[in-house]
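Asker: My questions concern the predicted model and sequence given below.
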Amino acid sequence: MGAAERVIVVGAGVIGLTCAVRLLEAGVRVDVVARDLPRETTSAVAAAIWYPYRALPQERVTAWARTSYAVFDALADTDPEGGVRLLPGTEVLATRQPDPWWRSAVPTLANTDDVPDGWAAGWSFTTPVVDMSVYLGWLAGRVEQLGGTITRLNLSGLPTAGLVVNCSGLGARLLGADRTVVPVRGQVVVVEQFGLERWWLDSLGPTYVVPRERDVVVGGTDIEGDWSRTPSPETATRILARAARLVPELRRARVLQHKVGLRPVRPAVRLERVGDVVHCYGHGGAGVTLSWGVADEVVSLVER
């Protein structure tokens, strides 16, 4: 397509904004339209540790995740305003396991026996941790610096004029008439930062403790088909109790906030062009993890 043509990106979460940035960098005129502005999206709730979670197919997800890892690694070095840090951590395992299927996407991953009581082994690796309270604003700012726009618009269907990139996440149930996209409810507790500089994860819970510069995100839940965005106090208590087995200091940490996000889960990520629409949604719990990889592919489909 010619650089003068206009693309409408539907969705202002991490996927929509990242796609908009890459398209703008490629010389395309971009307008982002969305019901929810960036800090109101599910992306704003995410602990946002790089980790391929609830996203398939494995081969494509690994490739997208590898690209995103490299971009985040560079951002952590070059742009301190972006909210991206590379932090070490450990995923704990009930029994020793072979390397994870996404192993080739991370530069180094080591088996370890240095895990809390109750687990037998773990994988330790360094991974990007993205503070979404900072990063979404950074992404939106990048869109605007490059000449794009972000507008609140409550759509009843996808726009029909010109090229459209559909990054509507869970909204694709309505906008894309795709009933295979389902919500998977994730609740987190945000606590004060108490000096933690290492993340911990038990994917069976899922239970995770993810430190940011000013606070720590503790999760979580994984409830398919639950549309409630209201935090449950009982669930929060259970999350903190599970997480304290990994990081005992959590028992004394002051709670700052409770949040719920609805992950857009699908049997497989949909990334394809159909006529004048490029669909890019269904990233499950791995929106941040896959964002730069899928955005590069979206650009290639738009330019086709």
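Answerer: Nice, thanks for sending it over.
Asker: Contacts for the host helix or strand of Ser133 next, please.
Answerer: Here Ser133 is covered by helix 132-145, with elements defined by DSSP states H and E. For helix 132-145, the surrounding residues in contact (C-beta atoms under 8 Å, 6 or more residues apart in numbering) are 12, 14, 17-18, 20-21, 24, 30, 32, 38-39, 41, 43-46, 48, 79, 81-84, 149-150, 212, 288. Yep, even glycine has a C-beta here, placed from its N, CA and C like the rest.
Asker: Among those residues, name the ones in strands.
Answerer: Val30, Val32, Val84, Thr149, Ile150 (DSSP state E).
Asker: Out of these, give me the one that has the most neighbours.
Answerer: Val32 (27 neighbours; other C-beta atoms under 10 Å).
Asker: Show the residue spans covered by the helices in this structure.
Answerer: Using DSSP state H, the helices found in the chain span residues 14-25, 58-78, 132-145, 172-175, 233-246, 287-302.
Asker: So for Arg96, which of those sits nearest?
Answerer: helix 233-246 (18.0 Å; C-beta to C-beta).
Asker: For that closest one, the averaged confidence score.
Answerer: Helix 233-246 comes out with an average pLDDT of 98.
Asker: Same question for that helix: list its buried residues.
Answerer: The neighbour-count check on helix 233-246 (16 or more other C-beta atoms under 10 Å) flags Thr235, Ala236, Ile239, Leu240, Arg242, Ala243, Ala244, Arg245, Leu246 as buried.
Asker: closest to Asp131 among the ones in strands among the contacts of helix 132-145?
Answerer: Using C-beta to C-beta, the ones in strands among the contacts of helix 132-145 come closest to Asp131 at Val84, 7.7 Å.
Asker: Tell me how far the closest one lies from Ile239.
Answerer: According to C-beta to C-beta, to the nearest Å, Val84 stands 25 Å off from Ile239.
Asker: do Asp79 as well
Answerer: Distance, Asp79 to Ile239, using C-beta to C-beta: 32 Å.
Asker: from what I can see Ala295 touches Leu17, true?
Answerer: No. In this structure, Ala295 is not within contact of Leu17 by C-beta atoms under 8 Å, at 9.1 Å.
Asker: Mind listing what's buried along the helix holding Ser133?
Answerer: Here helix 132-145 shows Met132, Val134, Tyr135, Leu136, Trp138, Leu139, Ala140, Arg142, Val143 as buried, counting by 16+ other C-beta under 10 Å.
Asker: which stretches of the stretch 101-250 of the chain form strands?
Answerer: 110-112, 121-130, 149-152, 163-166, 182-192, 199-202, 207-211, 215-219, 223-224 (DSSP state E, counting those that start in this stretch).
Asker: Out of these, flag the one nearest Glu59.
Answerer: Smallest distance to Glu59 across the strands of the stretch 101-250 of the chain (C-beta to C-beta): 20.1 Å, for strand 121-130.
Asker: Pull the distance from the closest one to the chain's centre.
Answerer: The chain centre lies 16 Å from the centre of strand 121-130; the measure is C-alpha atoms, centre = their mean, to the nearest Å.
Asker: can you start the count at 50 instead of 1 from here on
Answerer: Got it, first residue is 50 now, which makes that one strand 170-179.
Asker: Give the other helices and strands that that strand contacts.
Answerer: Judged by 3 or more C-beta pairs under 8 Å, 6 or more residues apart in numbering; DSSP states H and E, the packing partners of strand 170-179 are helix 107-127, strand 133-142, strand 159-161.
Asker: Specify the angle between it and strand 133-142 in degrees.
Answerer: 160 degrees (axes from the mean of the first three to the mean of the last three C-alpha atoms, to 10 degrees).
Asker: Compute the inter-axis angle for strand 170-179 and helix 63-74.
Answerer: 50 degrees.
Asker: model confidence over strand 170-179, on average?
Answerer: Rounded mean pLDDT across strand 170-179 is 98.
Asker: before we move on, the earlier item: C-alpha coordinates for the helix holding Ser182, CSV please?
Answerer: Output of helix 181-194 as CSV, limited to C-alpha atoms (Å, rounded to 0.1, in the frame of the first residue of the first chain):
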residue,chain,number,x,y,z
MET,A,181,2.1,-1.1,32.4
SER,A,182,1.3,2.0,34.4
VAL,A,183,4.3,3.6,32.6
TYR,A,184,4.6,1.6,29.4
LEU,A,185,1.1,2.1,28.0
GLY,A,186,1.6,5.9,28.3
TRP,A,187,5.0,5.6,26.6
LEU,A,188,3.4,3.6,23.8
ALA,A,189,0.5,6.1,23.4
GLY,A,190,3.0,8.9,23.4
ARG,A,191,5.0,7.2,20.7
VAL,A,192,1.9,6.8,18.5
GLU,A,193,1.3,10.6,18.9
GLN,A,194,4.9,11.5,18.3
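Asker: thinking Gly256 is in contact with Ala293, fair?
Answerer: Quick fix: residue 256 reads Thr, not Gly. No. If you go by C-beta under 8 Å, Thr256 and Ala293 don't touch, sitting 9.8 Å apart.
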